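Peer 1: Dropping the sequence and predicted coords here.
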Amino acid sequence: SQQGEEDPQALSIQEGENATMNCSYKTSINNLQWYRQNSGRGLVHLILIRSNEREKHSGRLRVTLDTSKKSSSLLITASRAADTASYFCATDASGSGNTGKLIFGQGTTLQVKP
Amino acid sequence: SQTIHQWPATLVQPVGSPLSLECTVEGTSNPNLYWYRQAAGRGLQLLFYSVGIGQISSEVPQNLSASRPQDRQFILSSKKLLLSDSGFYLCAWRTYYTGELFFGEGSRLTVL
């Protein structure tokens, strides 16, 4: 079963605006990760936040994690047309041992209009 | 540096035909390997993972099988394809020490 659910499913904004995507999950986790996928391509890792962290930054990306609500958000600031892609959250569940299995959500499709 | 190769990139197969998708990783040893499937406009479904040669774990019972004949080679197979096997198949790897997955460019399978 899918662990993460993203919201919204689709988002359309103008260049320069901020984009916020949310992710909810169901079980205890070791970490939560965000990935980007350009159309027809493989996924690229963006950022990882551990269960004992609340916020993390990487360039124009800001990720928050609320383990009490089992939710995370990804904020992309000052968006660019090149940010147009699908974004997925993925959870590394507690108790998965060395399997390293990640369970992905359904994704948010972001369109940034020039 | 590490790289991952996945092939073929695209294939169209008739129902009932066999399938073999191959994935190889370079520049690392003893990686964990994964096969995911992505239906159109949807998220990724984990199909198989492997933590070592000959060790395969199946996440979803289905028409597919996986094998790991060598440390850095992961193969996805089917003896007889179904229409429902159509999709975008992604191979990925990670080491025990890294948290993130590294993905190949995917194989798009259309079963007619």
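Peer 2: Received it, and whenever you're ready, just let me know what you need.
Peer 1: who in chain B is up against chain A?
Peer 2: For chain B, the contact set with chain A under C-beta under 8 Å from any C-beta of the partner chain comprises B:6, B:32, B:34, B:36, B:42-46, B:49, B:51, B:57, B:59, B:88, B:90, B:92, B:94, B:96, B:99-106, B:108. (C-beta placed from N, C-alpha, C; glycine too.)
Peer 1: Show me how to select, in ChimeraX, the buried members of the residues you listed.
Peer 2: Filtering these down to the buried ones (16 or more other C-beta atoms under 10 Å in any protein chain shown) takes a single ChimeraX command:
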select /B:6,32,34,36,43,44,45,46,49,51,88,90,92,94,99,100,101,102,103,104,106,108
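Peer 1: who does residue B:19 bridge with?
Peer 2: Residue B:19 has these beta-bridge partners by DSSP bridges: residue B:78.
Peer 1: For chain A, which residues are neighbours of chain B?
Peer 2: A:2, A:4, A:31, A:33, A:35, A:40-45, A:48, A:88, A:90, A:92, A:98-107.
Peer 1: again, 7 Å this time
Peer 2: Residues of chain A lying near chain B by C-beta under 7 Å from any C-beta of the partner chain: A:2, A:31, A:33, A:41-43, A:45, A:48, A:88, A:92, A:98-107.
Peer 1: Mark which of the residues you listed are buried, thanks.
Peer 2: A:2, A:31, A:33, A:41-43, A:45, A:48, A:88, A:92, A:100-107.
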